[in-house]
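>>> Okay, predicted coordinates and the sequence, questions at the end:
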Amino acid sequence: MLIFKNSIYNRQETSPGRHSSISNIGYDELFDPENLLSVSLNEEIAVIDFLERQPKEYWLQDSTKFYRNSYKMGSYSIFGNLLNILKNGLNDVGVWHKMNTYHFCFLYDVLLRFAFNYNHDNANGRLDTLPELKGKPLQIELFIKDYFFNTVFLLNEDQYNSLTREEKIELGYDCPFQFAVINGLAPTKNEMELQSSSDYPYSIYV
């Protein structure tokens, strides 16, 4: 199971009032964050397969379109590995897994593209993709706000590198490997792996 700021598996395990409120879609009983992750990651398989079949000389051009923030990480094989690691972690019901900045940055790009395609689809397409939303638009920025710890990876090199250690802590920028992601360093095999946690990550409110 993947650890987000709030649980994607059981929305009862979050503090009252921590979710954003919005009319129409909201974060009501219809919205299923776990299914959103599952469907978007499964659809990403076809994207990776498409990119892998393109001539290598077009990789940089293609990757900047499909992965606007995480393209600096490296080749399609890295994205394929990250995808498989996240899919396995999402479905591993026996262990809680901590993600790092490589995972969150990749997920951000996947989710924003998924939401764009979903919102520009016709009614039948939306119902086929996320039937629980009953065709309503997906406001992915609210999901990011409620479930991502931070979006430090959206900073450019100059913005991030100009911050002091104290400023980063004050802003909540404490996710592992954030310097590497922002500065375009390809992840090692160990850096792509999820970190298992023996601690239960959420408080239960009744």
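Structure received. Residues are numbered from 1 along each chain as shown.

>>> counting contacts, what elements does the helix or strand hosting Lys145 pack onto?
Following DSSP states H and E, one finds Lys145 within helix 140-147. Counting contacts by 3 or more Cβ pairs under 8 Å, 6 or more residues apart in numbering; DSSP states H and E, helix 140-147 is packed against helix 33-52, helix 101-119. C-beta coordinates here come from the backbone N, C-alpha and C atoms, glycine included.

>>> what residues does the worst-scoring helix or strand of the chain on mean pLDDT touch?
Across the helices and strands of the chain, mean confidence by mean pLDDT, DSSP states H and E is lowest for helix 59-66: a mean of 88. Defining contact as Cβ atoms under 8 Å, 6 or more residues apart in numbering, one finds that helix 59-66 is touched by Val47, Leu51, Gln54, Tyr71, Ser75, Tyr76, Phe79, Asp109, Arg113.

>>> Stretch 155-174 now?
By Cβ under 8 Å, 6+ apart, stretch 155-174 touches Phe149, Asn150, Val152, Gln178, Phe179, Ile182, Asn183, Gly184.

>>> could you dump stretch 117-136 to PDB, C-alpha only?
C-alpha atoms of stretch 117-136 as PDB (Å, rounded to 0.1, in the frame of the first residue of the first chain):
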ATOM      1  CA  ASN A 117      -7.700  13.100 -21.200                       C
ATOM      2  CA  TYR A 118     -10.600  12.100 -19.000                       C
ATOM      3  CA  ASN A 119     -12.000  15.600 -18.800                       C
ATOM      4  CA  HIS A 120     -11.800  16.000 -22.600                       C
ATOM      5  CA  ASP A 121     -13.500  12.700 -23.200                       C
ATOM      6  CA  ASN A 122     -17.200  12.300 -24.000                       C
ATOM      7  CA  ALA A 123     -19.700  11.200 -21.500                       C
ATOM      8  CA  ASN A 124     -19.500   7.500 -22.400                       C
ATOM      9  CA  GLY A 125     -15.700   7.600 -22.200                       C
ATOM     10  CA  ARG A 126     -15.800   9.100 -18.800                       C
ATOM     11  CA  LEU A 127     -18.200   6.500 -17.500                       C
ATOM     12  CA  ASP A 128     -16.100   3.700 -18.900                       C
ATOM     13  CA  THR A 129     -13.000   5.100 -17.300                       C
ATOM     14  CA  LEU A 130     -14.200   6.200 -13.800                       C
ATOM     15  CA  PRO A 131     -17.800   5.100 -13.500                       C
ATOM     16  CA  GLU A 132     -18.000   6.100  -9.800                       C
ATOM     17  CA  LEU A 133     -17.800   9.800 -10.800                       C
ATOM     18  CA  LYS A 134     -20.900   9.400 -13.000                       C
ATOM     19  CA  GLY A 135     -19.400  11.400 -15.800                       C
ATOM     20  CA  LYS A 136     -18.500  14.400 -13.700                       C
END
